[in-house]
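[1] Predicted model and sequence below, questions to follow.
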Amino acid sequence: MEFGPQRVPFQPIPAWASYQANSILGAHIGTMDYMLSPQEIRTPHGGMRSYDKNEDIWRDLIERRVDAGTEIVLKGFHVLDWFPPAPGLYHTRDAADVRSEAFDHLHRGSLNAPISRDQASLVGKNKRSSDYTAVFTPEGKFSMLQGGVGCVRLKPVQMFGGPHWLITASSDGVAHTGLPLALPRKLYAALLDPLRLRGAARASITGELEYIQAPFSRLFDATRMVRRLLLRVTGLEFCEPVPVTLETSVAVSFVSDYQGSPKIYVTYVTFRPDVKGFFEEAVSWMKTEYVEGEYHGRIITDFDQTQTVFPEARLALAKVMDRLISRGELRETIELMHATGSVDSYFDEVARRELLPGKTLEHRTKIFISYAHAAENSTGWVSRIRTHLEGVVRSSEFEIWDDSRIDAGERWRDEIEKAINQTRVAVLVLTGDFLASKFIREAELPLLLEAADAAMATILCVYASAVHLSGNAERLSRYQFVNSPERPLQALSGDAQESLYAQLAKRVAEVLTA
């Protein structure tokens, strides 16, 4: 049963345009809202309120019968270590409507997937067994996510004077229908064994409702209308377990050109957290069978800050929560998604909220050589540079990396981006072919420049032939050049070239030992 007098400003699902991209980015980037101190808002309510169903607590929250400052107790709820990024959305009236619209977008064919309780109850005759049911197209998946389905898993955040774990209490065992909790360390420790062994713990939970600020979600999506509250837990009393079907749904967004030009799409999968191996099977199916197999897509966002499930995710939740997204990555993603959010507004908000990440170079252990293959095939310049650098990295934790390290069958673009994110020194071998390369200009060079601008990487440029720096390559003039444009490698004798390579190796060694 759904409650709530307020109408959710959803647009019709067939309007597959920028509002969808903004909704995806708003939900994903908006997870950072939970890193901020809760708003100091208190509305007095008499006495403690008691609930034993999700629907009842959310009805009172949506209809404003309770507010921040209210003390409540949840009786016999199931505590799961997954967290709904848009808590309460599932229980609004329009969320129920939009979930119903999803059934206009059923995948036709034999593609099977782990079930969602919503699907199992509504599909009926299309349900094949207790474990499988009909599958939605990406349009249908988006409808379900707009209807409140989906969760994330987060590391503890600093709030209320110490580390708190953001998890969920649900009366029916379904994570996205429950109430979000902020659990302090001393209470969370008691949950570790039941979460590991049974996927959830049943308990009566006492706490006080608190408002969460929402500046980051609003940067991209102004339609996330449900008031953001969570329960700051002050007491936890375990109850005897009862038979219940635990369920959690997790979502990713992906880019695909299956409808023509590249666009952004979403999908999710539901799993049983109490069944060993179900999570791994479900997310593997989502990636290999659905995203890559059926829609030939590439995952952009994921759902788990605590572990890397999809290394290729460009805007991984861990990077979002650690504020490690570069301007180039965010700008390229916004353009790809046709979203309307502002890159500058995001970074301004991060700075204003004093959420700037600490500068750490520990994971940057690569010397990245960027060059054009066309020039190297006829000159061998990079081969000699690599040889001279071998003496620098021998018996150290650093390694030389260029795209010759990518094995056949690997996703070369993903591997290059991963290497750049681990780069301490970038050696750029400048030629006409280098500047003419679309991939270097539009993907590789912006990421390197972002790392250098953030003081996370040092760029060393080598003029290999006479070139004119223009466009984003003109920014290279701010960085270090090993030689002058009047004396490129092409104009030097063999001995002079070797001297230049030795000079480059010395510069690299100085950076690595600084």
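    Right, received. Where do you want to start?
[2] contacts and neighbour counts: CA atoms only from here.
    OK.
[3] list the contacts for the residue nearest to Gln497 when sequence neighbours are not counted?
    Counting by Cα to Cα, 6 or more residues apart in numbering, Gln497 lies nearest to Leu489, which is 6.1 Å off, once chain neighbours are set aside. Going by Cα atoms under 8 Å, 6 or more residues apart in numbering, Leu489 touches Tyr463, Ala464, Ser465, Gln497.
[4] Can I get these in CSV including neighbour count, distance to Ile440 and secondary structure?
    Output for these, formatted as CSV (neighbours: other Cα atoms under 10 Å; distance: Cα to Cα, whole Å; DSSP: H, G, I helix; E, B strand; the rest coil):
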residue, neighbour count, distance to Ile440, secondary structure
Tyr463, 20, 16, strand
Ala464, 27, 16, coil
Ser465, 19, 17, coil
Gln497, 19, 25, helix
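[5] Mind telling me the two of these farthest from one another?
    Ser465 and Gln497 (12.3 Å; Cα to Cα).
[6] can you pull the pLDDT of Ile325?
    Note for Ile325: predicted pLDDT of 83.
[7] Surely it touches Leu315?
    Yes: assessed by Cα atoms under 8 Å, Ile325 is found in contact with Leu315 at 7.0 Å.
[8] Skipping its backbone neighbours, what lies nearest Gly173 in space?
    Excluding the flanking residues, the one nearest Gly173 by Cα to Cα, 6+ apart is Leu246, at 4.5 Å.
[9] what's the burial count for the one you found?
    21 (other Cα atoms under 10 Å).
[10] ok, it to Leu230 distance?
    21 Å (Cα to Cα, to the nearest Å).
[11] on that earlier part again, settle this for me: the residue nearest to Gly173 is touching Asp274, isn't it.
    Yes: the criterion here is Cα under 8 Å, and Leu246 meets it with Asp274 at 6.8 Å.
[12] Find residues that contact each of these two.
    Gly199, Ala200.
[13] Next one: the residue nearest to Gly173 relative to Lys155, how far apart?
    Taking Cα to Cα, one finds Leu246 at 21 Å from Lys155.
[14] And Lys186, by the same measure?
    Computed as Cα to Cα, the Lys186 to Lys155 distance reads 15 Å.
[15] who's more crowded, those two?
    A direct count of neighbours by other Cα under 10 Å for Lys186 and Lys155 places Lys155 higher, at 15 against 10.
[16] Can you get me a residue count around the spatially closest residue to the more buried one that is not a sequence neighbour?
    Setting aside the residues directly before and after it, Lys155 is nearest to Thr306 in space (Cα to Cα, 6+ apart), at 5.8 Å. For Thr306, the count of nearby residues is 13 (other Cα under 10 Å).
[17] Could you pull up the residues touching Thr306?
    For Thr306, the contact set (Cα under 8 Å, 6+ apart) comprises Arg153, Leu154, Lys155, Ala318.
[18] Could you do Leu460 as well?
    Val425, Ala426, Val427, Leu428, Tyr479, Gln480, Phe481, Val482.
[19] from what I can see, it looks like it's in a helix, true?
    No: Leu460 is assigned strand when assessed by DSSP: H, G, I helix; E, B strand; the rest coil, not a helix.
[20] so how far is Val98 from it?
    Taking Cα to Cα, one finds Leu460 at 53 Å from Val98.
[21] okay, and for the protein, where does confidence drop off?
    Along the chain, the parts satisfying pLDDT under 70 run over 1-19, 39-46, 109-134, 222-225, 358-360, 395, 405-412.
[22] okay, the host helix or strand of Asp495 in PDB with CA atoms only?
    Element membership of Asp495, judged by DSSP states H and E, is helix 494-513. Presented in PDB, the C-alpha positions along helix 494-513 are these (Å, rounded to 0.1, in the frame of the first residue of the first chain):
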ATOM      1  CA  GLY A 494      72.600   9.700 -32.500                       C
ATOM      2  CA  ASP A 495      75.000  10.700 -29.700                       C
ATOM      3  CA  ALA A 496      73.000  13.900 -29.000                       C
ATOM      4  CA  GLN A 497      69.800  11.900 -28.800                       C
ATOM      5  CA  GLU A 498      71.300   9.500 -26.300                       C
ATOM      6  CA  SER A 499      72.400  12.500 -24.200                       C
ATOM      7  CA  LEU A 500      68.900  13.800 -24.300                       C
ATOM      8  CA  TYR A 501      67.500  10.400 -23.100                       C
ATOM      9  CA  ALA A 502      70.000  10.400 -20.200                       C
ATOM     10  CA  GLN A 503      68.900  14.000 -19.300                       C
ATOM     11  CA  LEU A 504      65.200  12.800 -19.300                       C
ATOM     12  CA  ALA A 505      66.000   9.900 -17.100                       C
ATOM     13  CA  LYS A 506      67.800  12.200 -14.600                       C
ATOM     14  CA  ARG A 507      64.700  14.500 -14.500                       C
ATOM     15  CA  VAL A 508      62.400  11.500 -13.900                       C
ATOM     16  CA  ALA A 509      64.600  10.200 -11.100                       C
ATOM     17  CA  GLU A 510      64.600  13.700  -9.400                       C
ATOM     18  CA  VAL A 511      60.700  13.700  -9.500                       C
ATOM     19  CA  LEU A 512      60.500  10.200  -8.000                       C
ATOM     20  CA  THR A 513      62.900  11.000  -5.200                       C
END
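[23] Only the buried residues of that helix, if you could.
    Using 16 or more other Cα atoms under 10 Å as the test for burial, helix 494-513 gives Gln497, Glu498, Leu500, Tyr501, Ala502, Leu504, Ala505, Val508, Ala509.
[24] I'd like to know which elements it is packed against.
    Counting contacts by 3 or more Cα pairs under 8 Å, 6 or more residues apart in numbering; DSSP states H and E, helix 494-513 packs against helix 381-393, strand 423-430.
[25] number of nearby residues for Ser383?
    For Ser383, using other Cα under 10 Å, the count is 11.
[26] Ala27 versus that one, what's the distance?
    From Ser383 to Ala27 the distance is 46 Å (Cα to Cα).
[27] Ok, Arg218 next?
    Arg218 sits 9 Å away from Ala27, taking Cα to Cα as the criterion.
[28] Show me where the stretch 151-300 of the chain has its helices.
    With DSSP state H, counting those that start in this stretch as the criterion, the stretch 151-300 of the chain has helices at 185-188, 192-198, 215-220, 278-284.
[29] Just name the most buried of these.
    For those, the largest average neighbour count (mean count of other Cα atoms under 10 Å) is found in helix 215-220, namely a mean of 22.
[30] which helices and strands sit right next to it?
    If you count contacts as 3+ Cα pairs under 8 Å, 6+ apart, helix 215-220 packs onto helix 18-29, helix 343-352.
[31] can you list these in a markdown table and add mean neighbour count?
    A markdown table is the format used below for the helices and strands packed on helix 215-220 (neighbours: other Cα atoms under 10 Å):
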| stretch | mean neighbour count |
| --- | --- |
| helix 18-29 | 23 |
| helix 343-352 | 14 |
